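A.B. asks: Structure of the sequence below:
(2 chains)
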Amino acid sequence: AQKITQTQPGMFVQEKEAVTLDCTYDTSDPSYGLFWYKQPSSGEMIFLIYQGSYDQQNATEGRYSLNFQKARKSANLVISASQLGDSAMYFCAMRESTGGGNKLTFGTGTQLKVEL
Amino acid sequence: ETGVTQTPRHLVMGMTNKKSLKCEQHLGHNAMYWYKQSAKKPLELMFVYNFKEQTENNSVPSRFSPECPNSSHLFLHLHTLQPEDSALYLCASSQDSLSAFFGQGTRLTVV
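C.D. replies: Numbers count the residues shown, from 1 in each chain, chains lettered A, B, ... in the order given. Now for the predicted structure:
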């Protein structure tokens, strides 16, 4: 079974609007971390935001926020006030505490296109 | 200077060639990783090194041979590759189990 599921292969949003990128995960570990990365066409994976499974509050980093719904096992990324430079591939990833805790499992990604 | 640097950025090699990918991190991290990113597939973890020791080999074919001489450097030696090995190879580093920081990748084409 897939551990990280991103059901939106592509998304469009108008500049200055907010957009939500979906991510659901599957784990039996009580302790885990969830990450979002941005990959522009240059190829580099840029870390955006992190949510720990025990964190009480949803993570926020500037225009990025993570809508963490633990019971639903979802960790959606919300980008507010979209900018043209936000156009990129976005990956959700999970780190589980088993296996040394150093493995990140990635989803298939969502291609976001910000339009004028 | 970026935190994680990969060279070369692009590589075209024949199936009989031997080449190496290099990764260097300037972040003082203790863990380094190789990932493979093929078109329309999730990133696949290939190898993990912690304090220069390999802790993960994700059933990677032996034509890929990693080397970690110290905590700052990671190599991926390539020999007798196949066209399906063409992909973006990403190196990453992290401190313990915190978020991983990635390089810009090497775009490999096997002809």
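A.B. asks: what about stretch A:11-18, how long is it end to end?
C.D. replies: Across stretch A:11-18, the terminal residues are separated by 12 Å (C-alpha to C-alpha, to the nearest Å).
A.B. asks: List the buried residues in it.
C.D. replies: A:11, A:13 (16 or more other C-beta atoms under 10 Å in any protein chain shown). C-beta coordinates here come from the backbone N, C-alpha and C atoms, glycine included.
A.B. asks: Residue A:44 and chain B, how far apart?
C.D. replies: 4 Å (C-beta to the nearest C-beta, to the nearest Å).
A.B. asks: pretty sure that residue is in a strand, no?
C.D. replies: No: counting by DSSP: H, G, I helix; E, B strand; the rest coil, residue A:44 is not part of a strand but coil.
A.B. asks: near chain A, which residues of chain B?
C.D. replies: Contacts of chain B with chain A, taken as C-beta under 8 Å from any C-beta of the partner chain, map to B:31, B:33, B:40-43, B:45, B:48, B:50, B:55-56, B:88, B:90, B:92, B:94, B:96-97, B:99-105, B:107.
A.B. asks: In strands only, show me these.
C.D. replies: B:31, B:33, B:45, B:48, B:50, B:55-56, B:88, B:90, B:92, B:94, B:101-102, B:107 (DSSP state E).
A.B. asks: which one of the residues you listed sits closest to chain A?
C.D. replies: For those, the closest approach to chain A (C-beta to the nearest C-beta) belongs to residue B:102, at 3.7 Å.
A.B. asks: Report how many residues lie close to the residue nearest to that closest one when sequence neighbours are not counted.
C.D. replies: In space, residue B:102 comes closest to residue A:45 once its chain neighbours are excluded; the distance is 3.7 Å by C-beta to C-beta, 6 or more residues apart in numbering or on different chains. Counted by other C-beta atoms under 10 Å in any protein chain shown, the residues lying close to residue A:45 total 28.
A.B. asks: Report the buried members of the residues of chain B next to chain A.
C.D. replies: B:31, B:33, B:42-43, B:45, B:48, B:50, B:56, B:88, B:90, B:92, B:94, B:97, B:99-105, B:107.
A.B. asks: Can you mark which positions in stretch B:15-24 are buried?
C.D. replies: Result for stretch B:15-24 [16+ other C-beta under 10 Å]: buried residues B:19, B:21, B:22, B:23, B:24.
A.B. asks: got any ranges where the chain has weak pLDDT?
C.D. replies: Unless you meant another one, I'm taking chain A. A:1-2, A:97-102 (pLDDT under 70).
A.B. asks: I was after chain B.
C.D. replies: For chain B, the ranges with pLDDT under 70 are B:1-2, B:97.
A.B. asks: Work out which residue lies at the spatial centre of it.
C.D. replies: residue B:34 (3.4 Å; C-alpha atoms, centre = their mean).
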